[in-house]
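Novice: Okay, structure incoming, though there's no sequence with it:
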């Protein structure tokens, strides 16, 4: 399935004169943030308590399952069928028992879990079986593949926990709506007197509620896109490049934390007076946006002491644009995949506006954050140009 992924060399660093220390700067930043997180919570008077069941379930089960499914879809769309579906189908035709098992499993999953989750888990199981069939070298190579994926995934999980934690620390120490009015004024200039809310209300007011669900699917699909990037890069090029990819994502997050600390701005929903009267309560983002508005105010006023969840209040820059752009950079040599993701991310850009998730200035800042993170980290200079897994 991943045969074509390995046929192309990874580009060397853009500039030979880059200061090499920056390539590994994300490790230092992660270490410093990790060392300072408990003292930071003590300094602002917050308890250091995580909502572990939710965080572990969302990341290691939910996001993993979604990412693996997206990985498969990207491979099918981006690479020739004689490298993806045709070998899989030929194996199933030769092994009737396997075909019967897969049919029964798929029917059971669809019956018990519904078409969406059932189909996703069926695709995941088929993908795992197919990869195991294609990996030569026995347990050693399977272990190597798993390590190439799991270690960067653990690093990303720890980095996300740090980002969530420092969001609460910053929100409890500063008024995160301090510069909201400035963002509105900048947007007014960029949009010729209009605003994100005005545009969203005008467009979404003419569409059925189901349009929100479609846009939400596109919006939340960004996370699975990032996970798919990890699967693809780790499988094709190994652990070093996968860690560089994760390090670039985390660098963008850390840049956003820095901006958030010195330029705190509230979300669009915090300044739109009729936002929650217009936004459908049945939408998933309704409660998400309510929490993004209410929880920082609770933290700043010390009116509540909630546990650390997927807490993310950063409006400027918009990482929902920055992170997909970073993934695009890392998969740019796989041209059809790049084209598919570019179209998806263009639709994602529109979804962010129509769902009133960010100001336009946030999106522009997100593009800048992506460029800075890529320039700082980049790829290892002497990355292997041959396939990591020869049987793919």
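Specialist: Done, it's in. Not measured: the values here are computed from a predicted model. Numbers count the residues shown, from 1 in each chain.
Novice: can you map out the helices along the stretch 251-392 of the chain?
Specialist: All helices of the stretch 251-392 of the chain, identified by DSSP state H, counting those that start in this stretch, fall at 275-278, 284-301, 319-330, 335-354, 360-377.
Novice: Could you identify which of those helices is most buried?
Specialist: Across those, averaging neighbours per residue (mean count of other Cβ atoms under 10 Å) puts helix 319-330 on top, at a mean of 23. Yep, even glycine has a C-beta here, placed from its N, CA and C like the rest.
Novice: Now do the buried residues in the longest helix along the chain.
Specialist: Among the elements of the chain assigned as helix by DSSP state H, the one spanning the most residues is helix 96-134. Within helix 96-134, the residues scored as buried using 16 or more other Cβ atoms under 10 Å are 102, 106, 109-110, 118, 120-127, 129-131, 134.
Novice: what's the following helix or strand after it?
Specialist: Proceeding C-terminally, helix 96-134 gives way to helix 138-173 as the next helix or strand, assigned by DSSP states H and E.
Novice: What is that following helix packed up against?
Specialist: On a contact count with 3 or more Cβ pairs under 8 Å, 6 or more residues apart in numbering; DSSP states H and E, helix 138-173 meets helix 25-44, helix 210-237, helix 239-262, helix 284-301.
Novice: Give me the angle between that helix and helix 210-237.
Specialist: Put simply, helix 138-173 runs at 130 degrees to helix 210-237, going by axes from the mean of the first three to the mean of the last three Cα atoms, to 10 degrees.
Novice: and the following helix or strand past helix 138-173, what other elements does it pack with?
Specialist: Proceeding C-terminally, helix 138-173 gives way to helix 180-190 as the next helix or strand, assigned by DSSP H and E. With contacts defined as 3+ Cβ pairs under 8 Å, 6+ apart, the packing partners of helix 180-190 are helix 360-377.
Novice: Need the contact partners of the helix it packs on.
Specialist: With contacts defined as Cβ atoms under 8 Å, 6 or more residues apart in numbering, helix 360-377 is touched by 14, 22-23, 25-26, 183, 186-187, 190-191, 196, 244, 247-249, 251-252, 255-256, 259, 315-323, 325-326, 329, 349, 352-353, 358.
Novice: could you measure residue 315 against residue 349, distance?
Specialist: According to Cβ to Cβ, to the nearest Å, residue 315 stands 16 Å off from residue 349.
Novice: do residue 92 as well
Specialist: Following Cβ to Cβ, the distance that separates residue 92 from residue 349 is 39 Å.
Novice: Phi first, then psi, for the nearest residue in space to residue 213 that is not next to it in sequence.
Specialist: Nearest-residue entry for residue 213: residue 283, 7.1 Å, with adjacent residues in sequence omitted and distances by Cβ to Cβ, 6 or more residues apart in numbering. Reported as degrees, to the nearest 10, the phi and psi values for residue 283 are phi -70, psi 140.
Novice: Read off the pLDDT value for residue 283.
Specialist: Residue 283 carries a pLDDT score of 92 in this model.
Novice: And residue 5, by the same measure?
Specialist: Checking the pLDDT column for residue 5, the value is 44.
Novice: Please apply the same query to residue 2.
Specialist: According to the predicted model, the pLDDT of residue 2 comes to 46.
Novice: Numbering from 10 from now on, please.
Specialist: In the new numbering, first residue 10, that becomes residue 11.
Novice: any idea how far the closest residue to residue 288 other than its chain neighbours is from residue 321?
Specialist: Taking Cβ to Cβ, 6+ apart, and ignoring the residues beside it in sequence, residue 288 has residue 295 as its nearest neighbour in space, at 5.5 Å. As judged by Cβ to Cβ, residue 295 and residue 321 stand 17 Å apart.
Novice: related to what we said a few turns ago, contact partners for the residue nearest to residue 222?
Specialist: 218, 221-222, 225.
Novice: By mean pLDDT, flag the weakest helix or strand of the chain.
Specialist: The element with the least model confidence among the helices and strands of the chain, by mean pLDDT, DSSP states H and E, is helix 94-103, at a mean of 86.
Novice: helices or strands up against that one?
Specialist: helix 105-143.
Novice: how many degrees apart are the helix it packs on and helix 219-246 in direction?
Specialist: 60 degrees.
Novice: what inclination does helix 105-143 have with respect to helix 94-103?
Specialist: Using the same axes, to 10 degrees: helix 105-143 against helix 94-103 is 140 degrees.
Novice: Who are the contact partners of the residue positioned nearest the centre of the chain?
Specialist: If you average the C-alpha coordinates of the chain and look for the closest C-alpha using Cα atoms, centre = their mean, you land on residue 232, 3.1 Å from that point. Contacts were defined as Cβ under 8 Å, 6+ apart; by that measure residue 232 touches 72, 75-76.
Novice: ok, so what distance separates the residue nearest to residue 288 from residue 302?
Specialist: For residue 295, the distance to residue 302 under the criterion Cβ to Cβ works out to 11 Å.
Novice: And for residue 150?
Specialist: With Cβ to Cβ as the criterion, residue 150 and residue 302 are 49 Å apart.
Novice: what does residue 178 give?
Specialist: Where residue 302 is concerned, residue 178 sits at a distance of 18 Å (Cβ to Cβ).
Novice: What of residue 333?
Specialist: For residue 333 relative to residue 302 (Cβ to Cβ), the value is 25 Å.
Novice: Could you do residue 223 as well?
Specialist: The gap separating residue 223 from residue 302 is 24 Å, by Cβ to Cβ.
Novice: So residue 345 sits against residue 84, correct?
Specialist: No - shown here, residue 345 and residue 84 do not form a contact pair, counting by Cβ atoms under 8 Å, at 10.3 Å.
Novice: Could you measure from the residue nearest to the centre of the chain over to residue 377?
Specialist: Distance of residue 232 to residue 377, given as Cβ to Cβ: 22 Å.
Novice: just residue 148 next, same as before
Specialist: As defined by Cβ to Cβ, residue 148 lies at a distance of 45 Å from residue 377.
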